[in-house]
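*Asks:* Need the 3D shape of this:
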Amino acid sequence: MEQFYKLAKNLALVAFLILLLFSVVSCEDSFTPINPISLVPLLEVSIEGGPFVREELVAITNPVDAIVSYQWFIGTDEWGEYEEIPGATTNKYKVLENQEGSFFRVRAIGKEEFIGSLVSSPIGPIEQPNYYKLRIFLQSIDGESYDKHSEHYNEKIDAKIGSEIVATYEDIRGFIPNRDHPDRIESGVVTWLNRLLIILYYDREVYTVTFNSNGGTEVSPIEGVMYENGISKPADDPKKLGYDFVKWYSDAEFKKEWVFENSKVIEDTTLYARWTARGDTPYSVEHHLKDIGNDNYTIVEDDTESITGFTAQNTKAKANNYTGFTAQEIIQEPIAPDGSTIIKVYYDRNVYDLTYSITGDFFQEEEYGVETYEFEAEVKAIETPSETGYTFIGWNDV
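*Replies:* All right, here's what the predicted structure looks like:
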């Protein structure tokens with residue numbers, strides 16, 4: 001049989017050379033084509049596909065776009081006699097269950113501009129499949145049913161015939177094995193009569209969403225949220241004195257906004273409230289004047305001011321102008337959200353020197369005495385000057 005195929009191959013090559021010879025004619029020192037059709041020889045034919053029953057074998061030619069006719073052959077000896085398979089005349093052939101142990105070859109005969117007749121190398125022997133199938137179902141997003149796993153549905157896994165298979169539940173993010181599902185098949189033996197099918201079910205993980213209101217009123221957590229599900233926005237926004245609520249974020253730095261219409265829960269999640277300071281938070285400014293002769297200060301009730309500003313920002317208190325007083329440095333403070341901030345501005349009395357001078361034609365003395373007084377303090381005369389033969393008349397305001 002092998003000699004037959006070698007002979008067929010050699011005859012095809014001889015035919016090709018003869019056709020090539022007659023496709024040109026000699027004209028002095030040059031050749032002129034007389035046939036406009038370019039003939040293309042078949043270079044190779046091979047078989048792809050696993051040598052298993054119920055698998056499909058595919059004939060591949062070189063060139064791949066060659067126009068050919070096919071005939072499949074079957075034999076029991078790799079290099080022995082082969083028989084034609086009736087009706088197997090396309091580039092594909094599906095191996096039958098009763099063809100276990102057989103070998104296959106395919107012949108390709110060129111058509112139109114493709115010339116040659118080639119026979120492939122044998123493929124075989126055909127064996128029973130040595131794998132089982134794995135089907136994984138994942139709980140649907142509504143929790144009411146199960147969907148096929150896109151990567152692990154009818155997945156073929158190598159295994160020897162007769163081997164016992166016990167399923168291993170792999171980690172799938174967001175899912176946990178449902179070991180109680182009534183339709184699960186977790187184990188079995190690989191046989192050639194009945195394909196072993198392992199069927200596993202996974203339920204979605206359940207998570208809790210908590211709300212960190214960052215000092216605002218409490219918002220109750222949402223429990224029992226299944227993996228990849230969304231959540232509804234809380235019915236009421238949190239409240240915080242001196243602030244307006246902005247939005248919820250999934251990070252404490254407020255870089256990732258939580259969009260309730262689109263965002264999905266994929267783990268235990270904490271949402272953080274973002275606030276903006278109100279600009280109408282009140283605070284008070286009091287003005288206190290120093291008493292005369294001691295270190296106490298008395299408030300000027302009628303001059304107390306009620307001012308507004310942004311919560312947590314510093315106050316902007318200003319000093320008033322009081323005759324005879326100088327304001328101390330004002331210490332500004334952050335505005336408390338409850339309006340309790342009071343800024344007290346203290347004013348010290350100005351201090352003046354009262355100089356006594358003796359003038360006239362006799363006993364002149366520019367600084368007879370100097371006394372220091374606070375603004376509005378009562379002036380007390382100093383010791384009366386005296387000179388023999390003269391009478392002191394009094395002090396005059398110059």
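*Asks:* Where does pLDDT dip in the stretch 251-398 of the chain?
*Replies:* Confidence mapping of the stretch 251-398 of the chain against pLDDT under 70 gives the ranges 360-363, 398.
*Asks:* which residue ranges form the helices in this structure?
*Replies:* Here the chain has its helices, by DSSP state H, at 2-21.
*Asks:* Could you tell me how far the spatially most central residue of it is located from Ile382?
*Replies:* Centroid-nearest residue in the chain, with C-alpha atoms, centre = their mean: Lys256, separated by 9.3 Å. Distance of Lys256 to Ile382, given as C-beta to C-beta, to the nearest Å: 79 Å. In this view, the C-beta of every residue, glycine as well, is placed from N, C-alpha and C.
*Asks:* swap in Glu329?
*Replies:* 35 Å.
*Asks:* The two: which is more packed in?
*Replies:* A count of neighbours by other C-beta atoms under 10 Å puts Ile382 above the other of Glu329 and Ile382, at 13 against 7.
*Asks:* For the more buried one, list the residues it contacts.
*Replies:* Contact analysis of Ile382 by C-beta atoms under 8 Å, 6 or more residues apart in numbering lists 356, 368-369, 371.
*Asks:* can you tell me which of the residues you listed lies nearest to Pro282?
*Replies:* For the contacts of Ile382, the minimum distance to Pro282 (C-beta to C-beta) is 46.1 Å, reached by Glu371.
*Asks:* residue contacts, the spatially closest residue to Ile331 that is not a sequence neighbour?
*Replies:* For Ile331, ignoring the flanking residues on the chain, the nearest one in space by C-beta to C-beta, 6 or more residues apart in numbering is Ile343 at 7.6 Å. By C-beta under 8 Å, 6+ apart, Ile343 lies in contact with 283-286, 315, 317, 330-333.
*Asks:* returning to that earlier point: give me the distance between the closest residue in space to the residue nearest to the centre of the chain that isn't next to it in sequence and Val225.
*Replies:* The shortest distance from Lys256 to any non-neighbouring residue, by C-beta to C-beta, 6+ apart, is to Ser250 (4.7 Å). For Ser250, the distance to Val225 equals 14 Å [C-beta to C-beta].
*Asks:* And those two? Which one has more around it.
*Replies:* Val225 (21 against 17).
*Asks:* and that one, bridged to which residues?
*Replies:* Taking DSSP bridges as the rule, Val225 bridges to Tyr207.
*Asks:* and what of Lys156?
*Replies:* With DSSP bridges as the rule, Lys156 is bridged to Lys133.
*Asks:* Tell me how many other residues crowd it.
*Replies:* As a burial measure, Lys156 scores 12 neighbours (other C-beta under 10 Å).
*Asks:* if you go through the stretch 151-300 of the chain in chain order, where are the strands?
*Replies:* Counting by DSSP state E, counting those that start in this stretch, the stretch 151-300 of the chain has strands at residues 164-166, 175-177, 187-189, 197-204, 206-212, 222-226, 243-249, 269-277, 281-290, 297-299.
*Asks:* Check which helices and strands the longest one is in contact with.
*Replies:* So that's strand 281-290. Identification of packing neighbours for strand 281-290 by 3 or more C-beta pairs under 8 Å, 6 or more residues apart in numbering; DSSP states H and E yields strand 297-299, strand 305-309, strand 342-349.
*Asks:* ditto for the third one
*Replies:* Taking 3+ C-beta pairs under 8 Å, 6+ apart as the contact definition, the neighbouring helices and strands of strand 187-189 are strand 164-166, strand 197-204.
*Asks:* just to revisit the earlier point, Asp180 versus the residue nearest to the centre of the chain, what's the distance?
*Replies:* Counting by C-beta to C-beta, the gap from Lys256 to Asp180 is 37 Å.
*Asks:* Over to Pro282?
*Replies:* Counting by C-beta to C-beta, the gap from Pro282 to Asp180 is 62 Å.
*Asks:* More neighbours: these two, which one.
*Replies:* Pro282 (15 against 8).
*Asks:* List the contacts of that one.
*Replies:* The contact partners of Pro282, by C-beta under 8 Å, 6+ apart, come to 306-308, 339.
*Asks:* ok, what's across the strand from the residue nearest to Ile331?
*Replies:* Beta-bridge partners for Ile343, by DSSP bridges, are Val285.
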